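# got a predicted structure plus its sequence, pasted below:
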Amino acid sequence: MSRVARLAASLSEPLLVTDGVNVKYQLGFQSSNCAVLVEPDGKATLYTDFRYLEAAKAVADVEVVQTRRDVAGALSELLAGRRIGFEASRISYAHWQMLGAGGAELVATRGLVEAFRLVKDDAEIDAISRASAISDELYAALSQEQFTGRTEKELAWWIERTFRELGADALAFEPIVASGLNGASPHAHPGDTVVHGGVLVTIDMGCTVDGYCSDCTRTFAVGEVSQQLVEIYELVARAQLDGLAAVSAGESGVDVDAASRTAIAAAGMAEYYGHGLGHGLGMEVHEAPVLRPESSDVLAPRNLVTVEPGLYLPGVGGCRIEDLVVVTETGCEILTSFTKKMLTVG
Ligand code: ZN
Ligand code: ZN
């Protein structure tokens with residue numbers, strides 16, 4: 001069944017898909033200015049402007065309607081008087097106002113396309129595996145690089161460049177390179193801090209291949225580090241293994257997250273692990289399902305999730321270790337295979 005047919009079969013009223021990633025998932029069509037109306041009977045109409053018309057015409061099994069540049073304004077007239085579902089969490093207030101201006105009855109929906117996106121097919125898992133293999137290769141090369149004397153920004157640029165040289169299509173997100181005390185901020189931006197010996201450096205990076213993301217974090221020791229930092233690393237590594245062991249179809253995001261907190265809590269460090277264990281990933285770096293204390297998700301086979309506990313101690317430093325896994329009936333398959341032993345770099 002095509003993705004459009006599958007979505008249509010789940011609908012009770014027409015759905016206007018306006019999110020660019022959701023449109024791309026449904027049709028394989030990429031545009032910054034388009035919408036697709038999917039109707040319960042399987043009919044799909046793609047609205048876009050002149051710039052994307054030729055590409056739109058190449059999409060199979062959709063009717064293409066050229067609109068002016070203001071697609072939402074044009075749709076407000078084309079859909080006037082109809083009852084239409086819209087993607088409430090994917091549209092701006094201004095766009096919503098514009099869409100409804102012609103008198104269409106707009107019904108808020110959430111996560112209808114995303115519900116399909118979170119279960120990956122073979123081609124999607126293959127693309128993410130290839131992106132992950134590139135990040136493994138990159139970590140292997142990075143572990144041979146000189147860290148001391150280089151700034152976080154310089155290392156981040158090396159990562160960007162090397163991703164492309166290894167065959168990645170693009171970055172999935174800007175790499176995080178957080179050295180020393182900066183490591184206490186989970187999403188630190190690489191700055192002008194010069195890396196020196198005796199610190200941990202957290203590197204979080206991912207690339208895209210065929211439109212799908214990878215995401216992997218490793219933490220390196222630069223030269224010899226204190227016993228305290230070694231203990232932090234070992235505790236995070238333990239929590240990461242506990243999290244991985246808890247991942248399985250049927251497990252809740254809450255329970256998997258909780259499994260990663262036991263060892264850290266026992267060490268009296270719970271307050272320094274202030275984020276969720278992981279997130280789903282696919283065409284976007286952050287997707288459903290989520291593994292965190294307030295999650296309402298239950299894992300299913302072919303979900304892709306990260307398992308990434310961390311410890312962040314102000315004035316001391318931080319550590320995070322992140323793998324990307326495919327959920328299976330009985331556990332998970334890990335796609336990121338670079339070593340999780342504490343590696344020392346120069
Ligand atoms: Zn990450
Ligand atoms: Zn992540």
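Thanks, I have the structure now. Model, not experiment: these values are computed from the prediction. Residues are numbered from 1 along each chain as shown. Ligands and ions are numbered 1, 2, ... in the order given.

# ok, the residue nearest the centre of the chain - contacts?
Central residue of the chain (CA atoms, centre = their mean): V285, 1.5 Å from the mean position. Residues in contact with V285, defined by CB atoms under 8 Å, 6 or more residues apart in numbering, are 172-173, 206, 213, 215, 279. In short, each C-beta sits where N, CA and C put it, glycine included.

# show me those residues that map onto helices.
In helices, defined here by DSSP state H, there are no members of the contacts of V285.

# part of a strand, is V325?
Yes - residue state for V325 (DSSP: H, G, I helix; E, B strand; the rest coil) corresponds to a strand.

# so it touches G243, yeah?
No - assessed by CB atoms under 8 Å, V325 is found out of contact with G243, at 9.6 Å.

# looking at those two, which is more packed in?
Ranked by neighbour count (other CB atoms under 10 Å), V325 and G243 place G243 first, with 29 against 22.

# re the thing from before, what's the overlap in contacts for V325 and G243?
V307.

# and the nearest residue to D136 once chain neighbours are set aside, what is it in contact with?
With CB to CB, 6 or more residues apart in numbering as the criterion, D136 has its nearest non-adjacent residue at 4.7 Å, and that residue is F338. Contacts for F338 (CB under 8 Å, 6+ apart) come out as 135-136, 139-140, 216, 218.

# of the residues you listed - the most surrounded one?
S135 (28 neighbours).

# elements contacting the strand or helix carrying it?
In this assignment (DSSP states H and E), S135 forms part of helix 122-142. Helix 122-142 is packed against helix 152-165, strand 199-205, strand 207-209, strand 212-213, strand 216-222, strand 323-327, with contacts defined by 3 or more CB pairs under 8 Å, 6 or more residues apart in numbering; DSSP states H and E.

# can you give me the buried ones in that helix?
The neighbour-count check on helix 122-142 (16 or more other CB atoms under 10 Å) flags 124-125, 127-139, 142 as buried.

# could I get the full set of helices for the chain?
Using DSSP H, helices in the chain cover 3-9, 20-27, 53-57, 71-78, 93-100, 112-117, 122-142, 152-165, 227-246, 253-259, 262-266.

# in JSON lines: these, plus distance to V316 and mean pLDDT.
Listed next are those as JSON lines, based on distance: least, CB to CB, whole Å; pLDDT from 0 to 100:
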{"stretch": "helix 3-9", "distance to V316": "48", "mean pLDDT": "97"}
{"stretch": "helix 20-27", "distance to V316": "38", "mean pLDDT": "97"}
{"stretch": "helix 53-57", "distance to V316": "52", "mean pLDDT": "95"}
{"stretch": "helix 71-78", "distance to V316": "50", "mean pLDDT": "94"}
{"stretch": "helix 93-100", "distance to V316": "43", "mean pLDDT": "94"}
{"stretch": "helix 112-117", "distance to V316": "38", "mean pLDDT": "96"}
{"stretch": "helix 122-142", "distance to V316": "24", "mean pLDDT": "98"}
{"stretch": "helix 152-165", "distance to V316": "18", "mean pLDDT": "98"}
{"stretch": "helix 227-246", "distance to V316": "7", "mean pLDDT": "98"}
{"stretch": "helix 253-259", "distance to V316": "24", "mean pLDDT": "98"}
{"stretch": "helix 262-266", "distance to V316": "15", "mean pLDDT": "98"}
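
# and the ones you listed: which comes nearest L311?
helix 227-246 (5.2 Å; CB to CB).
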